[in-house]
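1. turn this into a structure:
(2 chains)
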There are 2 protein chains.
Amino acid sequence: MLYVLLAIAAALIGLGTAAYYAFWVLKQDPGSELMQKISKHIQQGALAFLTREYRTVAVVLVVIAIAMAVFLQASGGIVMGIAYLVGAVFSASAGFIGMTIATRANARTTQAATRSLPKALEVAFRGGAVMGLTVAGLGLLGVSLCFLIFLFATGLVSGLDIVDGATWSIFGLSIPAMTVFSDVIPGFGLGASTIALFARVGGGIYTKAADVGADLVGKVEAGIPEDDPRNPAVIADNVGDNVGDVAGMGADLYESYVGAIVAPLALGALYLGFRGALLPVLIAAVGMICSAIATTFVRGKEGGNAGRALNFGTYGAAILTLAACYPLVMWLVPKGTVFGEMTVSNPLGFFIAIFIGLAAGMAIGQASEIYTSDAYKAVKKIAESGTTGPATVILSGLATGMQSTAASIVFLVVAMGVSFVAGDWAMANGGGIFAVGLSAIGMLATTGVVVAVDAYGPIADNAGGISEMSHQGPEVREITDSLDSVGNTTAAIAKGFAIASAAVTALAYFALYAEKVGLTKIDILDNKVIIGLFLGGMFPFLFSSMAINAVGRAAQAMIEEVRRQFREITGLREGVEGVEGEYGKCVDIATSAALKEMVLPASLASALPILVGLWSKAALGGFLAGVLVVGFLMAIFMANAGGAWDNAKKYVEGGVFGGKGSDAHKAAVVGDTVGDPFKDTAGPSMNILIKVMSVIAVVFAPLFTR
Amino acid sequence: MLYVLLAIAAALIGLGTAAYYAFWVLKQDPGSELMQKISKHIQQGALAFLTREYRTVAVVLVVIAIAMAVFLQASGGIVMGIAYLVGAVFSASAGFIGMTIATRANARTTQAATRSLPKALEVAFRGGAVMGLTVAGLGLLGVSLCFLIFLFATGLVSGLDIVDGATWSIFGLSIPAMTVFSDVIPGFGLGASTIALFARVGGGIYTKAADVGADLVGKVEAGIPEDDPRNPAVIADNVGDNVGDVAGMGADLYESYVGAIVAPLALGALYLGFRGALLPVLIAAVGMICSAIATTFVRGKEGGNAGRALNFGTYGAAILTLAACYPLVMWLVPKGTVFGEMTVSNPLGFFIAIFIGLAAGMAIGQASEIYTSDAYKAVKKIAESGTTGPATVILSGLATGMQSTAASIVFLVVAMGVSFVAGDWAMANGGGIFAVGLSAIGMLATTGVVVAVDAYGPIADNAGGISEMSHQGPEVREITDSLDSVGNTTAAIAKGFAIASAAVTALAYFALYAEKVGLTKIDILDNKVIIGLFLGGMFPFLFSSMAINAVGRAAQAMIEEVRRQFREITGLREGVEGVEGEYGKCVDIATSAALKEMVLPASLASALPILVGLWSKAALGGFLAGVLVVGFLMAIFMANAGGAWDNAKKYVEGGVFGGKGSDAHKAAVVGDTVGDPFKDTAGPSMNILIKVMSVIAVVFAPLFTR
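-> Modelled structure (predicted):
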């Protein structure tokens, strides 16, 4: 149990670092009165969204927790329900804390930009690091606490060995210890998934509804530039960056992170007893500490490259973590470790799995960059096709997105194949599956720093918006722009990483599902499995269409509200001194539209796995595989097509093919607008979809084996 | 053997009817001298394309046939190679005959339109019926001849019973009779697939390169209307309709048709001996005769509805076929039929499978109509979104396409599930898989009339082009336009049908593959299978991106040629009397670009299954499942999005949302341009992909079991 305390200590180190950065950020100069006022508006808007969202989620959480307690009573449903609620509350808290700091770091970054680029970089990055370290810290803390409590309660473990037949008596039930591992702890993961579903899908609809709505009325109809305070939707738009990219991405990676600990924990317990369960937890602990250390590597230099500074953090954390994992593996599961009929023969195999997982995450992220950065051919080609009109921009963007799936899939299957073979070499019978789980936690061990770098992006973006709205000079704007442009690249990489991590997490859950329902095979030649495969493959298409249409409808509501304000508030459009739009009203409309629009897709995503599973557990196996494969493809396709269009537009704005205002630019803007819901709503939803459906299958597995 | 002769007789009846229609069409008034001249250009262009294509294919065919003879020697590779070549030659002949008549029926339809609508409908439909009945007739004739020859050679059958241990001695080899069924006859199917690959992918690139090229230079740059003879690409464009929609669709359905006979034939032989092998052949024979009869139902009425007249043919054939299949099943595999350990207990189950296959084909076709016809909500919504610009048109079209996958998948899995359960009820052990094969031939039994209705479309389209180019009056143009618009609807339905038939054919091949390599399970929990599944799922995305990019590049070549001609041929652009574009040059450029562009995708499609299979036969199973599921989804998505954009544009042109020339119209044109390669190149390629990869796996299966 001492070892679990180590993990808790690591989590607390991460959280402590986050707290230090938070206070540091709050101590920075909050800027001029106008900057503070704008930042305040964004803070209030973000808070309003989160409050409304959490209020809605709370109802769902309670309903599901009760359902668990009732329907899964025999498998420790009540305890599972509690774990579920704790998982959700921890995730929601991480989102809340991260958002609170991020929306305060924005104006402070603008203010720092009046001094120097390194200073501004530092403020923005440390603001993001609060989110990153809180996400990882609370994730690890939550899982470790659950783990510790269960160990205490069951008396399952003595030293590093498992006690036969240990049970946990609670609420008049006697729960076998193994059930705690494979049933109750995944409940914690489902809590994270529920929050992620709302944050990612709801947040994704919100952010693009606000963005598209603000752009269409502001730029197109009223002819006022982006981030102009006369546009009443401008605050909603800036809130959207935080809601989508900070809270949404945070909840997404929180879910992956927790899943990547929980699933190998349960698999490890099955195959290697307590040592197996402990290994993923300690890998996460090591990664946590290394991430905290690596955040100190990120320091701007005058005239230096902000992107390189951020990369120091990312790669530094990765290298440190790997270096520390090797002795950890060799110590915890040395050659000759025996559990039941299993014997570890080559522990190096487990380390290889961890390594390959981490490498694959980085590689898939980098592949995203090649297809979405204007330093490479694909984006230039899309920009060039703007000279023959919007249709060719769309076609070449779609083709680029489709093509980009190949590289990512190859990296993913290589990682899967290598970790399976390495695991099988490490330990015959089950080593392969366990190793696939280890590659998931290998990929996600450095979540703290990955989310930090990602959350930096919207802070820099917001800082740019605030410098525009508060009428800063061009030299300040230049600094915030350069920070923002680095943020776009890191965002693309983080997106690729998020997708890859979702896939490996889902794979680990998938293996756990099969174990739990006692499926020794999921045979495609079985009629039910292939039917499940088709239905599962279809769902990401259906879900994407719902997400895209939802953005359209929500944006329409926003457009009408802005038009109303221009009509009814005299002087607003003309920018008369002292006249201000009803910013809160716009935030409100986007919030309620987003929450309303997500009801149907979210309900389907939650209900379908249960329905399919009740029909046939084999069919559910096929269904999950279909969702996983097609969801991954659609995620990559949409994220990269969207990112490529975005940067093709920016590339044209940089002055090529006629620059801003040319026909090529108009065509590129069409691509960018199509790409918005692709990359920020439908695409990221796929990550959640593939995880949430598989964790639901795991948690509700006892229903399918009756 | 008498029974096989019945099938041959049915095929000859179909071919005889086709010949009658062909002579009838040729006897019709070929129209004015100008009309004949234009038609002649189209004929020559189509012939030039086919000749070049077949010359390229011939090389590929010979190489593959030799490869078969060498690498599959032990499984009767030489005979298989011959069957392969025969299958290819039959398919190519069907394409040649159908095109020859279709390109002659076009001007005759225009001429008939100067008299009356019913007359014009009759000419166009009978022109299409030549293609339809030739495709089905030659398909059935080829398979039946192979079948008959093998029966003679092996002495396998006496009456309706199989002779144990029969072999075939040829080329110094002694081939077991069962190998003939499961190895050699599928070789015939692969021949059909090779032609289909070239005709569909090459034809698809050709038709859209010519279309987009002609439009961009003609309408946009030179400002001359569609189908204007001053545009040197105009003939290439009209040739494209024939190449893509007549020859391409014909080869596609020929492949499905042959596959839907061959796969259940082989499966039937395995499970039910000669009776089982005979059943799909006789179902096809029955469908052939009923289709020939049903073509006589299509008669126009003055003031009548052309669409309804065509539906009479389609549904008439379906009802007749079903009525005839019931007694056929009851007679051939009555209750109590015994083969090895299998006993038929409820033959009605087999009939149900045939019925559900036919019904699913129709249902998926109809679902396509709901998403692509302007009589329904989806298309109207896309048209309306044109009022907010091209980006919203694109987004709502993409969302519509994605959403439309749901209905089609549901119909498909219901058909699969019902036929499996019905087959299992009909005969325990293997009845289910055989019944899935029967549902494939059920769906495709009426191929003759389905292709006839489909080939009618491009003839009507061409007739419209010719009436424009030969300066006919508005009343003639009105008739050809109304025929054309019906053709668009029937084309959408036929597309849905082609996709559905590809899926069931591939499923039947998939089952046959598993049988042949002796896989008793394809387990998703097996690491290799899931890697195969991911790679297979990725390929349709990669292939689509290649197809879309190919169209872009080929269209660019076309644009440059047209610009050159406008520059170098004085008087062409101004329409000076007697000055004519070098039509042949444009045809030539589109032809060579299309053939060049298809080399890489076609080679990948052929080589990948073999490479994966050589690595692991289980992985190939996963790979085929991935290609099937994702290929089907992408086919539906792209076909329906493309069709919906096309009709949304036409809907706006009909006068709503500002009509022609409005901003909404311009936005809709962007959608239509994006949709072109979607619905006519990449989308239809998916049909071929899923079939060709699975038949390659079947044919080269002996390599994977060594």
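2. what's the local residue count around A:Thr388?
-> A:Thr388 has 22 neighbouring residues, counting by other CB atoms under 10 Å in any protein chain shown. To be clear about C-beta, it is placed using only N, CA and C from the backbone, and glycine gets the same treatment.
3. what sits against it?
-> By CB atoms under 8 Å, 6 or more residues apart in numbering or on different chains, A:Thr388 lies in contact with A:667, B:216.
4. what's near enough to touch A:Ser116?
-> Contacts of A:Ser116 (CB under 8 Å, 6+ apart): A:300, A:302, A:479.
5. quick one: buried ones out of those?
-> Buried by 16 or more other CB atoms under 10 Å in any protein chain shown: A:300, A:479, out of the contacts of A:Ser116.
6. tabulate the contacts of A:Ser116 (a markdown table), appending secondary structure, distance to chain B and pLDDT.
-> Below are those laid out as a markdown table (DSSP: H, G, I helix; E, B strand; the rest coil; distance: CB to the nearest CB, whole Å; pLDDT from 0 to 100):
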| residue | secondary structure | distance to chain B | pLDDT |
| --- | --- | --- | --- |
| A:Gly300 | coil | 37 | 76 |
| A:Glu302 | coil | 41 | 74 |
| A:Ile479 | helix | 31 | 87 |
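7. could you dump the contacts of A:Ser116 into JSON lines with distance to B:Tyr456 added?
-> Formatted as JSON lines, those follow (distance: CB to CB, whole Å):
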{"residue": "A:Gly300", "distance to B:Tyr456": "69"}
{"residue": "A:Glu302", "distance to B:Tyr456": "73"}
{"residue": "A:Ile479", "distance to B:Tyr456": "66"}
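8. ok, so what distance separates the residue of the stretch 601-706 of chain A at minimum distance from chain B from B:Val414?
-> Nearest to chain B in the stretch 601-706 of chain A, going by CB to the nearest CB, is A:Thr673, at a distance of 3.6 Å. Computed with CB to CB, to the nearest Å, the distance linking A:Thr673 and B:Val414 is 38 Å.
9. and the two? which has more neighbours close in?
-> The residue with more neighbours, out of A:Thr673 and B:Val414, is A:Thr673; 25 against 15, by other CB under 10 Å.
10. on the three-state scheme, the residue lying closest to the more buried one once chain neighbours are set aside is what?
-> With CB to CB, 6 or more residues apart in numbering or on different chains as the criterion, A:Thr673 has its nearest non-adjacent residue at 3.6 Å, and that residue is B:Ala391. Three-state call for B:Ala391 (DSSP: H, G, I helix; E, B strand; the rest coil): helix.
11. pretty sure A:Val670 is one of the things B:Ala391 touches, is it not?
-> Yes. Between B:Ala391 and A:Val670 there is a contact at 4.7 Å, judged by CB atoms under 8 Å.
12. hey, what's in contact with both of the two?
-> Common neighbours of B:Ala391 and A:Val670 (CB under 8 Å, 6+ apart) are A:Pro390.
13. how about the nearest residue to A:Met249 once chain neighbours are set aside, what does it touch?
-> Residue nearest to A:Met249 in three dimensions, not counting chain neighbours: A:Asp454, with 5.4 Å by CB to CB, 6+ apart. Residues near A:Asp454 by CB under 8 Å, 6+ apart: A:128, A:132, A:245, A:249, A:253, A:490-491, A:494.
14. CSV for these, including secondary structure, pLDDT and neighbour count?
-> Listed next are the contacts of A:Asp454 as CSV, based on DSSP: H, G, I helix; E, B strand; the rest coil; pLDDT from 0 to 100; neighbours: other CB atoms under 10 Å in any protein chain shown:
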residue, secondary structure, pLDDT, neighbour count
A:Gly128, helix, 93, 34
A:Gly132, helix, 94, 33
A:Asp245, helix, 80, 28
A:Met249, helix, 85, 29
A:Leu253, helix, 88, 32
A:Thr490, helix, 78, 25
A:Ala491, helix, 78, 26
A:Ala494, helix, 81, 25
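15. any idea how far apart the tips of stretch A:191-204 sit?
-> Using CA to CA, to the nearest Å, one end of stretch A:191-204 lies 19 Å from the other.
16. could you pull out the buried residues of that stretch?
-> So for stretch A:191-204, counting by 16+ other CB under 10 Å, buried means A:191-204.
17. tell me the one among those nearest to chain B.
-> A:Gly204 (14.3 Å).
18. looks like that closest one contacts A:Thr681 (just checking).
-> Yes. Counting by CB under 8 Å, A:Thr681 is a contact partner of A:Gly204 at 3.7 Å.
19. sorry, back to before: as CSV, the contacts of A:Asp454 with distance to A:Ile531 would be great.
-> Shown next, in CSV, are those (distance: CB to CB, whole Å):
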residue, distance to A:Ile531
A:Gly128, 45
A:Gly132, 42
A:Asp245, 38
A:Met249, 35
A:Leu253, 33
A:Thr490, 42
A:Ala491, 38
A:Ala494, 36
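20. what is the mean pLDDT for stretch A:653-665?
-> For stretch A:653-665, mean pLDDT rounds to 88.
21. again, but for stretch A:136-144
-> 94.
22. send me it as CSV with only the CA atoms.
-> Taking Å, rounded to 0.1, in the frame of the first residue of the first chain, the C-alpha atoms of stretch A:136-144 are listed here in CSV:
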residue,chain,number,x,y,z
ALA,A,136,-3.1,14.9,-14.7
GLY,A,137,-2.8,15.4,-10.9
LEU,A,138,-6.5,15.0,-10.2
GLY,A,139,-6.7,12.1,-12.5
LEU,A,140,-3.9,10.3,-10.8
LEU,A,141,-5.0,11.3,-7.3
GLY,A,142,-8.6,10.0,-8.0
VAL,A,143,-7.5,6.7,-9.3
SER,A,144,-4.9,6.2,-6.6
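23. how far does it sit from the chain's center?
-> Averaging C-alpha positions (CA atoms, centre = their mean, to the nearest Å) puts stretch A:136-144 16 Å from its chain's average.
24. for the closest residue to A:Lys119 other than its chain neighbours, give its distance to chain B.
-> Take A:Lys119 and drop its neighbours on the chain: the residue closest to it by CB to CB, 6+ apart is A:Ala112, 4.3 Å away. Distance, A:Ala112 to chain B, using CB to the nearest CB, to the nearest Å: 36 Å.
25. and the one helix or strand A:Pro540 maps to, anywhere near chain B?
-> Taking DSSP states H and E as the criterion, A:Pro540 maps to helix A:527-568. Yes. Using CB under 8 Å from any CB of the partner chain, helix A:527-568 comes into contact with chain B via A:527-531, A:533-535, A:537-538, A:541-542, A:544-546, A:548-549, A:551-552.
26. just want the angle from that helix to helix B:527-568.
-> Put simply, helix A:527-568 runs at 50 degrees to helix B:527-568, going by axes from the mean of the first three to the mean of the last three CA atoms, to 10 degrees.
27. what's helix A:527-568 packed up against?
-> Counting contacts by 3 or more CB pairs under 8 Å, 6 or more residues apart in numbering or on different chains; DSSP states H and E, helix A:527-568 packs against helix A:203-215, helix A:583-597, helix A:599-615, helix A:617-653, helix A:663-677, helix A:683-699, helix B:390-426, helix B:617-653.
28. that's all I had, so thanks and see you.
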